[in-house]
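K.L.:
Fold the following, please.
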Amino acid sequence: MSDQFLKAMEKPLIPSLPPIDRVRQVVEALADYVEGAGLKAGCRLPAERELMAALGVGRSTIREVISQFQALGVVESRKGSGNYLLKPISRRTIHMPLSLDTGNLRDALLQTLQVRRGLECEAGMVAAQMRTTEDLGIIETRLEEMERVHHAKGASGPEDLAFHLAVYDATHNPLFRQLLEQMRETFERFWSHPFERFDFARRSFPFHRTLFNAIAAQDAEAARCETLKILQIVEEDIKEMSA
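P.N.:
Next comes the predicted model:
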């Protein structure tokens, strides 16, 4: 066990937790530990077994918390080495993933679409303005894989997400990706094939290529328009398939 962690435990910086809301409590406790121990970017976090013993929680809870920190862009996992801090955090700077009442699937999808419309249109415009040659190559690679899978299977959910993540990364604003990751964490359960329809939003497929073309041409307004076309089809399918 690291000297830093032992020292922090003597204070103690990570208290025992009651058996409620474990993930949220572990997030806050670990953030308090990072702040109290004065950990900086590049510092290695305590190993999973150390955190499990200190907090009295299972491995799955620790891994879910680490996954949330990864989505927020504050922790990096290195295979065979452990988890490393990418930037200092505290309870004041961490945010839990979004939550939504998914009892009514149609309403939940339409509500998330309202948020996506503003977020993704802006991301497309910024990506068109800020993208580098390297960014463009990554987006094109993701697009070609999406097209390959779509033609082979008729659907390409994970590949579609990878394409949009590449567009977000091309903005060079990490908040876009963090927000999308938080939305994905909450909504992936029902965004893959809503209403058990594998043809959901299939008509939007060609507009991913035209969105790429707009970003390649550094045409921000065209990128916004192509993104709106994609999301308009998504909205139409939500309303039609839930009728």
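
K.L.:
Distance-wise, check residue 125 relative to residue 170.
P.N.:
The gap separating residue 125 from residue 170 is 11 Å, by C-beta to C-beta, to the nearest Å. Every C-beta, even on glycine, is put in place using the N, C-alpha and C of the backbone.

K.L.:
Neighbour count: these two, which is higher?
P.N.:
Legend: neighbour count by other C-beta atoms under 10 Å for residue 125 and residue 170, higher for residue 170 (24 against 21).

K.L.:
Just the pLDDT for that one.
P.N.:
On the pLDDT scale, residue 170 is placed at 96.

K.L.:
Let me know whether it touches residue 135 as I believe.
P.N.:
Yes: between residue 170 and residue 135 there is a contact at 3.9 Å, judged by C-beta atoms under 8 Å.

K.L.:
Could you list the low-confidence segments of the chain?
P.N.:
1-21, 92-103, 181-196 (pLDDT under 70).

K.L.:
make it 80
P.N.:
For the chain, residues meeting the criterion pLDDT under 80 lie at 1-22, 71-73, 90-105, 108-109, 157, 178-201, 242-243.

K.L.:
At which residues are the helices of it located?
P.N.:
Using DSSP state H, the helices of the chain run over residues 3-10, 22-36, 48-55, 59-71, 105-130, 133-153, 157-169, 174-191, 205-216, 220-241.

K.L.:
right, and those helices - which one's nearest residue 91?
P.N.:
Checking those against residue 91 by C-beta to C-beta gives helix 22-36 as the closest, at 4.8 Å.

K.L.:
and the angle for that closest one with helix 59-71?
P.N.:
Taking axes from the mean of the first three to the mean of the last three C-alpha atoms, to 10 degrees, helix 22-36 and helix 59-71 form an angle of 60 degrees between their directions.

K.L.:
which helices and strands sit right next to helix 22-36?
P.N.:
With contacts taken as 3 or more C-beta pairs under 8 Å, 6 or more residues apart in numbering; DSSP states H and E, helix 22-36 sits against helix 3-10, helix 48-55, helix 59-71.
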